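Participant: Need coordinates for the following:
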Amino acid sequence: MAAVATPHPHPNLPSLPTLPKKRLPAGQPRDWYETYNRQLKAMRLAIALLHSGVYTPDRATDRRIRTAAVQIGVREPSATTCRLVRALVARGTPS
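Facilitator: Down below sits the predicted model:
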């Protein structure tokens, strides 16, 4: 019997309530769904990084983003998703 590994909550990443999932609209091209899901994943990761104290894109390294992904229980992000996370972190910081 195989054990399922569950991510351990990280003390710097608080457990936050989430909104209920909604069905995506049918009939869109596959690229649309891939882009939409990539943006959702990047937003989750950016929020987790901001909550853990990473406020600047230069501190949001690929390694730190991938570590946050493991901690919040999402699959390892690609380099493209990591770039998107850094862009969101840059936008989320006040000037």
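Participant: Report the rounded mean pLDDT for the longest helix anywhere in the chain.
Facilitator: Identified as the longest helix of the chain according to DSSP state H is helix 30-51. Taken as a whole, helix 30-51 has a mean pLDDT of 94.
Participant: which residue ranges form the helices in the chain?
Facilitator: Counting by DSSP H, the helices of the chain are 30-51, 62-72, 79-92.
Participant: how about a markdown table for those, with distance to K21 and mean neighbour count added?
Facilitator: C-beta: built from backbone N, CA, C; applies to glycine. Output for those, formatted as a markdown table (distance: least, Cβ to Cβ, whole Å; neighbours: other Cβ atoms under 10 Å):
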| stretch | distance to K21 | mean neighbour count |
| --- | --- | --- |
| helix 30-51 | 10 | 16 |
| helix 62-72 | 16 | 18 |
| helix 79-92 | 19 | 17 |
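Participant: Reformat these as TSV; add distance to P20.
Facilitator: Converted to TSV, those look like this (distance: least, Cβ to Cβ, whole Å):
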stretch	distance to P20
helix 30-51	14
helix 62-72	18
helix 79-92	22
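Participant: what angle separates the longest helix of the chain from helix 79-92?
Facilitator: Angle of helix 30-51 versus helix 79-92, following axes from the mean of the first three to the mean of the last three Cα atoms, to 10 degrees, is 50 degrees.
Participant: Tell me what angle helix 30-51 forms with helix 62-72.
Facilitator: 90 degrees.
Participant: Identify the residues contacting helix 30-51?
Facilitator: By Cβ atoms under 8 Å, 6 or more residues apart in numbering, the residues outside helix 30-51 that reach it are 12-14, 16, 24, 60, 64-65, 68-69, 71-72, 74, 77, 80-81, 84-85, 88-89, 92.
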